[in-house]
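In: fold the following, please.
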Amino acid sequence: MRRTHGLLVIIMLLAVVVTYSNGPTSLTCACDDANTGRHLLSDDYGTRLGPTELEDHVPIFVNGTADFASQGWPGAGSAMFPYVISALRINPVIPVAAVRIINTDAHFVIRDCLLNQTYMLDAIVLENVSHGSVEYNTVRAGNRGIYVENGNNTVISHCDVMASNYIAVDVHESNDCRLESNSVVSVGHRAVYAVESHRLVSTHNTLSAAAGSFALHFYGCNTTSSADDVVLSGLGGIAGEYCHGMHIERMAATSVGYGAYVSYCTDVSVDGSVLHATEYEGVHLSYSPETSIVGCTISSEGADGIYVSHSNGTLIHGSTIVSAGASGVYLTASHHSELVGNTIENCDSNGIEAYTSVGLVILNNVIDGVGGDGIYLDHCEDAHLEDNAIHDARAGVDTNGCDRLSVFDHTISHVDAAVVAVGSTNVTIRSGLYSYAIAAVYLQDCVNAQVMDNLIEEVNYGVVGDSTPNATVSHNEISSVYEQAIAMVGQTDSEIRSNVIKEAELGIYIGSDQGIDVVYNRLEEINGRAIVVEALENGTLSHNVIDGHNSIDGRGTIGIALTAVGLSVVNNTIVDFEVGISLDGSLLLTFTDNHMTRCGFYWSPGDTFDFYNHSMFNNWVNSLPVYFSVGQTGVDLDGSLYGQVILLDNNGTHITGGVFDTCTSAVMVFHSLLVHVADIVVPSCVHGVVISSSENVSLQNISVEGLAMAVNDGVTLSQSDYFVISASDFMHLSDAVRIDRSDYGLVSDCDFDSNGYGILAYGQSSSYLRVESSRFSNAEFTHISGEVAPLNNYWNVTDCEFFNASKGISILGAYLHLYLNSFVHMSQYGIEVTNAASDYGYVASNTFESCGTAVYIFSGDYWNVTSNDILWSTNYGVWLSGSTGTYVYYNTIALSGIQNGYDANTKYWDDGVAIGNTWSDYVPPPPYVVSGAGGSTDRYPIQWVITEPIVNHPLDVSYAEGSTDNYLTWLASDDYLRDWSVTIDGAFWAEGIWDLKQRFVISVDVDGLQYGTHTAVITIWDVDQHSVTDTVLIKVYDGTPPEISGPPDTTVFETGVGQTLEWVVSDLHPATYMVTVDDLTVASGSWSSGVLSINVDTVELGLHDVLMTVYDIDGNAAQDYVLLLVDSDTTAPTIDHPDDVVMISGTIGNKVVWNPSDDNPSRFSVISNDTAVLSGPWHGGRIMLNLDSLPVGNHTFTLTVTDGGANSVSDTVTVSVRSAGPETVPPPFDVGLLLIIAGIGAGAVVVVVIVYTLRKRTAGT
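Out: Residues are numbered from 1 along each chain as shown. All right, here's what the predicted structure looks like:
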């Protein structure tokens, strides 16, 4: 019924029609005729009487108590018998109030009347009265519906009041009044307005006001309250101005401009209210100290949820800001305010925003989905923030100029920055959980900041300090960092202590600082650089443990990278980095008691003496001491005694022997003379040997092998003339030999295999290099490269072999001399000459086979290309592009894919006398026209004629076992070829005959070979029985990873026994497996196809990541993750004790039923007469033993159930089977005839059926 009435009220409000004229105003209601009234329930608004129950009456005017009696109103004017005006319909026809009562202290009641003021006047006027009651009236007025002035103790209840142009209920200077359960509507003004009316109570009213007016407005009213009022429209739900002790409870104000507006008030409370503002703040507080907002739901479409200005001691507690067009809570100049336990969501700006407010307490709030910062504080001193949860914001906590700031126990995620402090002193950020942020903590221009005990993960930057002196960053755990875990720039007198950093690209970064101490930190799984120090003076790095193991690339890049002055590096442990400690541009450093494993020192070459003159005491690499020598002469050193050797200003030192495995750099020589290094082996190096600013250094019989990483070099020479590298091997290096500003060098009798570059000139020019009698094979880029550094003049390469690379030799320089070399399988160029300044080179007596272009000269002039054999070029034999004055003669150029020769200019390709070149595509008569725009010619060409077979040498091939379309292709040539035959591993494989083409392509399918390395040999014959052979290796590898199928996520128990995880694995060529628990290897070994099982009984209590990785013999891997929960179970199962059984043999339905129970059931077993009968899985159901087939006699059955924690319980039942007839001696009980039928689903019954078969007697027994 009330719901229907509420709907009618709404319809009534929408249908009000106000007509203005010079005469009386007519106000009608859509629900009934204005003269009939409404019949309402007693708890509803307005008159309760029907039309026929109302009596028409003229306007009433009572002036003084005597008028009540004289006008005949019933009652005595007392509290028990008040004067009563009721059941009247008053429609004034003259401009007077419908009811006006003044100047009386008598008790009176106006009840159940219909008052329709058609003039622009008040309907009810009470002046200078007390103890008046206005109840269950329907009031319509052009001006005020009810006006009370100096009307103490007035009660207005259950009235339906509507005013068209002015205030519906207007109370002035009237104390102890009460408005209860009214419907109050003002079309043009306030619904209720109270002025200087103390102790006024408004409760359970439904209020509507004009868009520019407040629905409930208190002005200068002390100790007032609003409880359970509902506001449907208006400028604001409630307004309080200059009030003391105003209390708002459970107000519902929706679709209003302000929810609540409070200004110049004290001791205000807003409790349990729902306030939705469409235009302005949900709650507006200004100059109203000691205000509390508790348990409210507040929103604003266009402004702040709560706005607080100059209101000290404001308390906002347990409220929800569901949305705001600006900030959730905005405070300015409101000191010692508290925001506790609030939820703030969906704000366009900041969650909490505060300015110049001292002593704020912001505690235990939840802030989610805001467009700005979760909490923003500007010049708010002594702010204490604790236990706030902030998600999905720009910054979690953003502060500026907030001295003595504390931020404790926050949980912040999915933000740009979790905590920001700028321009503040004495900042403490502690015990937070920060994740999924660009930066977790950012400090700028702060003094005495402390960041401690925080857990930070999944961030780009962990803790960043910028120009923040006296900062302490300690005891934080920082993991999964994509950039820098801790970064301090422009700091002084700060400390980074006892932090744990895991899985970071860069652990700790120090830049442009003084007096920074980095001590007792632990850095693990660092993918890049662990500690980087740039421009630090007079600091300390000590007692740090730095571990690059398990990083993305297997180990980190640099443990400690230093550019510093006066720094002490003491007692650090560094494991598994490419470089343990790197120095570049550092002065006066001290290294003491540092221990490095699988890494070591690296000092950048090219600096002056002072940048290497450091103090070193008792440092270790791979458990061997580091030898550091300054100013020594004539020392003979046994390299096997040291983990690393560093020489500075040495003369005549000889280093002999030693295996320097994974030590970053085996030998580093700076500013020294006549140093000789011999017979050392450097496997897995990053910078094998470094020579800087030294002369007459020789390296003999050294072997250097690199790691599979982007940059590693065998020998680096910088500003070191007259060097010699001889009889040495270089393998798997990005740059085998690097040369910078080092002249008069010799590389001889060396072997370069599988490097990026064999010899690389970088930096600035290096001239007068000789490379002799060396072999270069399988380079990723270029075997000898001088194309980066400018003008590497007077290089001489003689009697070398170049096999399989992009380029054989690429040079930017003049006077290059290449003689007696062979170039095979250079995919781009055999020789590439770049730049116009690369003049006067000599290429003679070399062999080029199967190159992209054998000789390519780009803009270099005055070269001599002579007496070379150039065969099977994919593109061009000789290509001259813009080369002037170059001679090309006495060469054999044959079988090129595009053209044998190309020249962009015009010249003669002959000796100018009688001989040119031999061409495979020349057909007499001369001249031979060279391809190209210049129209060059060979005036004395020679036709290439061969009388015996020749064949190129293809690259060795590899293919995955079982793959198809794998071929070997040879190019054969002869004047009269006949046939060919291929064997693999000595057995016939294929054969064929000549197709009458001079350039004969032989392509052989080599699919189907078994795993391993095979040898293919081709023999080609011509018609004169001449033959040629070539041998190619074929490697068939396992290209298919193993298959693995793992168990589901599993729960085991701390005290369990025999608990395993099992994987089904398979591969054609299995090799090894490895099991890790939380990244720690716990098992490894070899495997074969089938089931691979590991025991997990010893895994510690808790949740663990178990990773099984299986490898085949070629390193293909397959993995499976299992989440393993190790739980604690110390409680044994429970079991009941069924009654012992006495039964007659041959009867049916005899059984024993146990009801064991446990939270983690595992297995059961049954024992009969001390003999184990059966065991199996138990899943928690009851267990039933069928006895019908037992033989006569006494039997015992013991059931034992065991749970996952290896706790067990047992019960024994005795069964006595009696004979139905005469007693006979039964045959022995055969336990082999026991049949178990077990249902093993959760809660299922385990049924044990015992079948006993009597042996039949045979005749004569």
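In: where does pLDDT dip in this structure?
Out: Applying pLDDT under 70 to the chain picks out residues 1-43, 550-555, 708-710, 789, 996-999, 1222-1261.
In: mind giving me the domain ranges of it?
Out: What automatic domain parsing lists as the domains of the chain is 1-166, 373-468, 471-599, 624-863+871-943, 950-1037, 1043-1127, 1141-1250.
In: reformat those as a markdown table; add mean neighbour count.
Out: Every C-beta, even on glycine, is put in place using the N, C-alpha and C of the backbone. Listed next are these as a markdown table, based on neighbours: other CB atoms under 10 Å:
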| stretch | mean neighbour count |
| --- | --- |
| domain 1-166 | 19 |
| domain 373-468 | 23 |
| domain 471-599 | 22 |
| domain 624-863+871-943 | 21 |
| domain 950-1037 | 16 |
| domain 1043-1127 | 16 |
| domain 1141-1250 | 16 |
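In: tell me the contacts of the closest residue to residue 876 other than its chain neighbours?
Out: Distances taken as CB to CB, 6 or more residues apart in numbering place residue 853 nearest to residue 876, at 4.5 Å, with adjacent residues excluded. By CB atoms under 8 Å, 6 or more residues apart in numbering, the residues touching residue 853 are 828, 829, 830, 873, 874, 875, 876, 877, 878, 879.
In: wait, a strand at the last one?
Out: Yes: judged by DSSP: H, G, I helix; E, B strand; the rest coil, residue 879 forms part of a strand.
In: what about it, distance to residue 888?
Out: 11 Å (CB to CB, to the nearest Å).
In: list the residues that contact both of those two?
Out: Listed as contacting both residue 879 and residue 888 by CB under 8 Å, 6+ apart are residue 901.
In: what's the span of stretch 138-148, first residue to last?
Out: 17 Å (CA to CA, to the nearest Å).
In: all strands for the stretch 901-1050 of the chain, in order.
Out: Counting by DSSP state E, counting those that start in this stretch, the stretch 901-1050 of the chain has strands at residues 918-919, 928-929, 937-938, 942-943, 950-951, 957-960, 967-973, 977-984, 987-993, 999-1005, 1012-1022, 1027-1037, 1043-1045, 1050-1053.
In: not counting the last one itself, show me its contacts.
Out: In this case it means strand 1050-1053. Applying CB under 8 Å, 6+ apart, the contact partners of strand 1050-1053 are 1059, 1061, 1096-1097, 1099, 1122-1129, 1160, 1203-1206.
In: quick one: that strand to chain centroid distance?
Out: The chain centre lies 29 Å from the centre of strand 1050-1053; the measure is CA atoms, centre = their mean, to the nearest Å.
In: partner strands of that strand, parallel or antiparallel?
Out: When pairs are called by DSSP bridges, strand 1050-1053 turns out to pair with strand 1117-1127 (parallel).
In: who's in contact with residue 133?
Out: 82, 107, 108, 109, 110, 111, 154, 155, 156, 157 are the contacts of residue 133 under CB under 8 Å, 6+ apart.
In: tell me which element it falls in.
Out: strand 132-135 (DSSP states H and E).
In: convert that strand to PDB, retaining C-alpha atoms only.
Out: In PDB, the C-alpha atoms belonging to strand 132-135 read as follows (Å, rounded to 0.1, in the frame of the first residue of the first chain):
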ATOM      1  CA  GLY A 132       1.500  23.400  18.800                       C
ATOM      2  CA  SER A 133       1.000  20.200  16.800                       C
ATOM      3  CA  VAL A 134       0.300  20.100  13.100                       C
ATOM      4  CA  GLU A 135      -0.500  16.500  12.000                       C
END
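In: partner strands of it and their direction?
Out: Using DSSP bridges, the strands paired with strand 132-135 in its sheet are strand 108-111 (parallel), strand 155-157 (parallel).
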